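Visitor: Sequence and predicted structure, then a few things I'm wondering about:
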Amino acid sequence: MQSTEQDYEKEKLSKKIAKLSRGVAVIQAAVDEGIVIGGGCTLLRLAAKVEDIKGTLDNDQQKIGADIVKRALRYPMKLIAKNAGVNGSVVIEKVVYPTTLKNSMGYMETVINSAAKPPTQLCRKDRSL
């Protein structure tokens, strides 16, 4: 009986340690490289920069590639909005001030008040997917 209780306690503590370790890793990544606006806002803002770069490109193939990148950068915000039951195109047009869409509530909230601030490192690594 006592052995069973100890095994259960060990397993429970192992799970707690694993959760804490993940939390420490996220905090360390944020300290190392900073945070970015969540909810697809950062990618959406980068999409606007692609248009500036597109003007410096030499040929049509490069410009087509820039358009593809621009559409890909806009997609996460559109998908988040769709999952919240809102028209993604409308949300994208309304994102002038940094905001994030609260999926469960269906309203816009300023990012400063939101917890959706992933580490920069996470976004940088995700772009390779």
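Guide: Good, I have the coordinates.
Visitor: and the longest helix seen in the chain, what's its mean pLDDT?
Guide: Identified as the longest helix of the chain according to DSSP state H is helix 2-33. On average, the pLDDT along helix 2-33 is 80.
Visitor: same thing with stretch 55-66?
Guide: Averaged across stretch 55-66, pLDDT comes to 91.
Visitor: Start and end of that stretch, how far apart?
Guide: Stretch 55-66 has an end-to-end distance of 10 Å (C-alpha to C-alpha, to the nearest Å).
Visitor: For the helix or strand that comes right after the longest helix of the chain, name the packing helices and strands.
Guide: Sequence-wise, the next helix or strand downstream of helix 2-33 (DSSP states H and E) is helix 41-54. Where contact means 3 or more C-beta pairs under 8 Å, 6 or more residues apart in numbering; DSSP states H and E, helix 41-54 is packed against helix 60-83. C-beta here means a position set from N, CA and C on the backbone, and glycine is covered the same way.
Visitor: Neighbours of A84, how many?
Guide: By the criterion of other C-beta atoms under 10 Å, A84 has 16 neighbours.
Visitor: care to break the protein down by domain?
Guide: According to automatic domain parsing, the chain comprises the domains 1-34, 36-117.
Visitor: most packed of those?
Guide: For the domains of the chain, ranked by mean neighbour count under the definition mean count of other C-beta atoms under 10 Å, the leader is domain 36-117 at a mean of 15.
Visitor: Phi, psi for G85 please.
Guide: phi 80, psi 20 (degrees, to the nearest 10).
Visitor: next one: the one 4 residues further on
Guide: The main-chain torsion angles of S89 are listed as degrees, to the nearest 10 and equal phi -60, psi -40.
Visitor: nearest spatial neighbour of it, skipping sequence neighbours?
Guide: K78 (6.9 Å; C-beta to C-beta, 6 or more residues apart in numbering).
Visitor: so how far is G55 from the one you found?
Guide: Going from K78 to G55 by C-beta to C-beta, to the nearest Å gives 24 Å.
Visitor: Could you do A81 as well?
Guide: A81 sits 29 Å away from G55, going by C-beta to C-beta.
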